[in-house]
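>>> Let me see the structure of the following:
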Amino acid sequence: MLQEITGQIASYSSSLNLVSVLGVSSTAGIIGWRWWKRKNSYKSLHSFPSPPKHWLLGNIPQVLAAVKQKKFFQLLFDWSKQLGPMYVYWAGQPVLVLSQPKVIEDTIVNGMRDGSLIRSQRTSTAWNDIGGPILLGQNGNEWQWRRKAWNPEFSSSGISKYVDLINQACEQVIENIQEAGLSKEVQVDPLFVELTMRVISSLVLGIPVDRKTVSPEGQPLDVAKVYEAMSILSYRFLRVATGEKIWKKYLPTKNSRDYWAARRYIEEFLSPRVDLALQMREQNKTDLEQVSSLFQESMLVKIAAKEPNYNRESLIAEAIELLIAGTDTTAHSLSFAVAELSLNPRVFQQARAVVDQVWENQGGINTDSFKQLSYISAIFKETLRLYSVASGSAPLEATREIVIEGQVIPRGTKIFWSMLAAGRDPEVYSRPEEFLPERWLEKNKETSQLLMIDFGSGSHRCLGEHLSMLEATVMLALLLRYFDWELVNGRSSVEELQQNLLIYPSDRMPVRFRLRN
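Numbering: from 1, shown residues only. The predicted structure is shown next:
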């Protein structure tokens, strides 16, 4: 669902950028004044490499065309190859694009630490408009206490407790593939979406990953309905983030009706569990008779108990955020990993040998055997290097004049990055176009400083990094243990991609599985 709406927002988002350039008036005076102001405010940026641009519209025509073709990230990548590791494009406001891993990491870490770089107010407003105030929409002290509350739950040690639960969810995917009929075409991307949603719902909300198990705390998880509602809320976020006024959700339009219906459905799904968690906090009890042990151990109950600042509204909003953030990104990355294994027989056979050895030693996947699957984890890291799913989707803005790589960057400049280019930087990654998981395991001078920036950097690094790595490693290990497979559409599945707000396979990654001999 989310991948489908990114195409719908493309022309809308670009049109809003065009409107911001032309201004609210069509008079030549105002247009000329804006052009003059932009030219003088960002005078130092005119010496930077820049793609050819229109004197008034800047690079909006190229961006419009790329977005319409769903190749926006490819456009940034192509510009990086042509213009170098630091360049500026113009879209109403100058956008500085970085494409060297170390520069990206240092810029994010230092800029957000000293306050010189922030997420724009519009983006924060858009996040908070989805369903209430959430972690991603906060700054300062508000952000700090929220992050402090969640960090232990998503830490490496915190997530490692869920190996058995994640293994159970992944085993269900194996069953789904078998039920679909071996040797028949199976679109794996939707299967992985269901996997990741069931896992995040279990960890956060205490909903069993087993579809047949009843949850006494609330209605069961209907993946299709929840995913559709999440997609509508995400579409609302995109519209507000790109300029739509918040009050427009009160107008009698189809978008507004869809938004309110989706929000009601999600809140009705979440409210019973949130209310129960708050009741347990008020009564100072974690062992109510009618509450399942899975819910008692859920992140929702733990966060409500230890952080009194959370109330009903903010807990519902936070749960919505985690459902959205914990589903698509890992699911799409898993699809690309399955594709690369099919396209690289050497890696496939080496990975299978590792998995078979784990089964021989441990009899399956558990906390101990997971430590022996480092090569499988490296496969996922290599996949993220080549297909950074959330590639540059959270730009920053300079609050004051800053210096990056010795260059003065004026206040108001947007800072963006091309993760596709960064992941293929030949100075950091030797043989960058090859799929080489070994690069993440080798310990030598060349590889010891490899950067994994696909989950962000610094204190704002993605909460779900360890969960994503664990899900992907277990899922890939099970697939390797049980099946051989081939891509139905061959290499085109990793070449014909949708690239607006997320990178994902446009064909939903059809695969033909066979049971191992």
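>>> Strands of the stretch 151-300 of the chain, start to end?
185-187 (DSSP state E, counting those that start in this stretch).
>>> Can you pull out the low-pLDDT segments for it?
For the stretch 151-300 of the chain, applying pLDDT under 70 flags the ranges 242, 286-287.
>>> Apply 80 and report the result again.
Residues of the stretch 151-300 of the chain that meet the criterion pLDDT under 80 lie in 181-183, 238-239, 241-243, 285-290.
>>> Would you map the helices across it?
156-160, 163-180, 188-205, 223-241, 254-283, 293-296, 299-306 (DSSP state H, counting those that start in this stretch).
>>> looking at the ones you listed, which is closest to D129?
helix 223-241 (5.4 Å; Cβ to Cβ). From N, CA and C alone the C-beta is placed, and that goes for glycine too.
>>> Need the CA coordinates for that closest one. CSV is fine.
Only the C-alpha atoms of helix 223-241 are listed here, as CSV (Å, rounded to 0.1, in the frame of the first residue of the first chain):
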residue,chain,number,x,y,z
VAL,A,223,-2.7,-7.2,8.3
ALA,A,224,-4.4,-6.0,5.2
LYS,A,225,-6.7,-3.6,7.0
VAL,A,226,-4.0,-2.2,9.3
TYR,A,227,-1.6,-1.8,6.3
GLU,A,228,-4.2,0.0,4.3
ALA,A,229,-5.0,2.4,7.2
MET,A,230,-1.3,3.0,7.8
SER,A,231,-0.8,3.8,4.1
ILE,A,232,-3.6,6.4,4.2
LEU,A,233,-2.0,8.0,7.3
SER,A,234,1.4,8.0,5.6
TYR,A,235,-0.2,9.6,2.6
ARG,A,236,-1.6,12.3,4.9
PHE,A,237,1.9,12.8,6.3
LEU,A,238,3.4,13.2,2.9
ARG,A,239,0.8,15.8,1.9
VAL,A,240,1.4,17.9,5.0
ALA,A,241,5.2,17.5,4.8
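>>> what angle separates it from helix 254-283?
Angular relation of helix 223-241 and helix 254-283 on a 0 to 180 degree scale: 110 degrees, by axes from the mean of the first three to the mean of the last three Cα atoms, to 10 degrees.
>>> So which bits of helix 223-241 are buried?
Going by neighbour count (16 or more other Cβ atoms under 10 Å), the buried part of helix 223-241 is 223, 226-241.
>>> same deal with stretch 486-506?
The neighbour-count check on stretch 486-506 (16+ other Cβ under 10 Å) flags 487-489, 493-494, 497-506 as buried.
>>> Most tightly packed of the helices of the stretch 151-300 of the chain?
Ranked by mean neighbour count, these are led by helix 188-205 with a mean of 24 (mean count of other Cβ atoms under 10 Å).
>>> Just name whatever secondary elements that one is in contact with.
When contacts are defined as 3 or more Cβ pairs under 8 Å, 6 or more residues apart in numbering; DSSP states H and E, helix 188-205 packs onto helix 163-180, helix 223-241, helix 299-306, helix 312-325, helix 328-343, helix 465-482.
>>> Which of the ones you listed sits closest to P510?
Proximity to P510 (Cβ to Cβ) singles out helix 328-343 among the helices and strands packed on helix 188-205, at 10.2 Å.
>>> The helix or strand following the closest one - contacts with which helices or strands?
The helix or strand immediately downstream of helix 328-343 is helix 345-362, counting by DSSP states H and E. Contacts defined by 3+ Cβ pairs under 8 Å, 6+ apart place helix 345-362 against helix 328-343, helix 367-370, helix 374-386, helix 465-482.
>>> I'd like the average pLDDT over the helix or strand hosting R122.
Here R122 is covered by helix 121-129, with elements defined by DSSP H and E. Mean per-residue pLDDT for helix 121-129: 81.
>>> Using PDB, write down the CA coordinates of it.
In PDB, the C-alpha atoms belonging to helix 121-129 read as follows (Å, rounded to 0.1, in the frame of the first residue of the first chain):
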ATOM      1  CA  GLN A 121       9.300  22.300  11.400                       C
ATOM      2  CA  ARG A 122       7.000  21.300   8.600                       C
ATOM      3  CA  THR A 123       8.200  17.700   8.800                       C
ATOM      4  CA  SER A 124       7.700  17.600  12.600                       C
ATOM      5  CA  THR A 125       4.300  19.000  12.200                       C
ATOM      6  CA  ALA A 126       3.400  16.400   9.600                       C
ATOM      7  CA  TRP A 127       4.500  13.600  11.800                       C
ATOM      8  CA  ASN A 128       2.500  14.800  14.800                       C
ATOM      9  CA  ASP A 129      -0.500  15.300  12.600                       C
END
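>>> what sits up against it?
Contact with helix 121-129 is made by 134, 136-139, 236-238, 240-241, 243, 246, 249, 317, 321, 394, as judged by Cβ atoms under 8 Å, 6 or more residues apart in numbering.
>>> Buried residues, that helix. List them.
Here helix 121-129 shows 123-124, 126-129 as buried, counting by 16+ other Cβ under 10 Å.
>>> what separates the nearest residue to I379 once chain neighbours are set aside from H46, distance-wise?
Leaving out its chain neighbours, the residue that sits closest to I379 by Cβ to Cβ, 6 or more residues apart in numbering is P437, at 4.6 Å. Separation of P437 from H46 (Cβ to Cβ, to the nearest Å): 43 Å.
>>> For those two, indicate the residue with more neighbours.
Of the pair P437 and H46, P437 is the one with more neighbours under other Cβ atoms under 10 Å, namely 24 against 11.
>>> got the helices and strands packed on helix 345-362 as JSON lines, with mean neighbour count, mean pLDDT and distance to R263 columns?
Conversion of these to JSON lines gives the following (neighbours: other Cβ atoms under 10 Å; pLDDT from 0 to 100; distance: least, Cβ to Cβ, whole Å):
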{"stretch": "helix 328-343", "mean neighbour count": "25", "mean pLDDT": "96", "distance to R263": "19"}
{"stretch": "helix 367-370", "mean neighbour count": "16", "mean pLDDT": "82", "distance to R263": "38"}
{"stretch": "helix 374-386", "mean neighbour count": "22", "mean pLDDT": "96", "distance to R263": "32"}
{"stretch": "helix 465-482", "mean neighbour count": "23", "mean pLDDT": "96", "distance to R263": "26"}
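>>> Quick one: closest of these to R431.
R431 lies closest to helix 374-386 among the helices and strands packed on helix 345-362, at 11.5 Å (Cβ to Cβ).
>>> Alpha carbons of that closest one, as CSV, please.
Extracted C-alpha coordinates of helix 374-386, given in CSV (Å, rounded to 0.1, in the frame of the first residue of the first chain):
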residue,chain,number,x,y,z
SER,A,374,27.3,-13.6,11.0
TYR,A,375,27.7,-14.3,7.3
ILE,A,376,23.9,-14.1,6.9
SER,A,377,23.9,-10.8,8.7
ALA,A,378,26.6,-9.6,6.4
ILE,A,379,24.4,-10.5,3.4
PHE,A,380,21.7,-8.2,4.7
LYS,A,381,24.3,-5.4,5.4
GLU,A,382,25.5,-5.7,1.8
THR,A,383,21.9,-5.6,0.6
LEU,A,384,21.4,-2.3,2.5
ARG,A,385,24.6,-0.9,1.0
LEU,A,386,23.3,-1.4,-2.5
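>>> Now S44: phi and psi?
The phi and psi values for S44, taken as degrees, to the nearest 10, are phi -70, psi -20.
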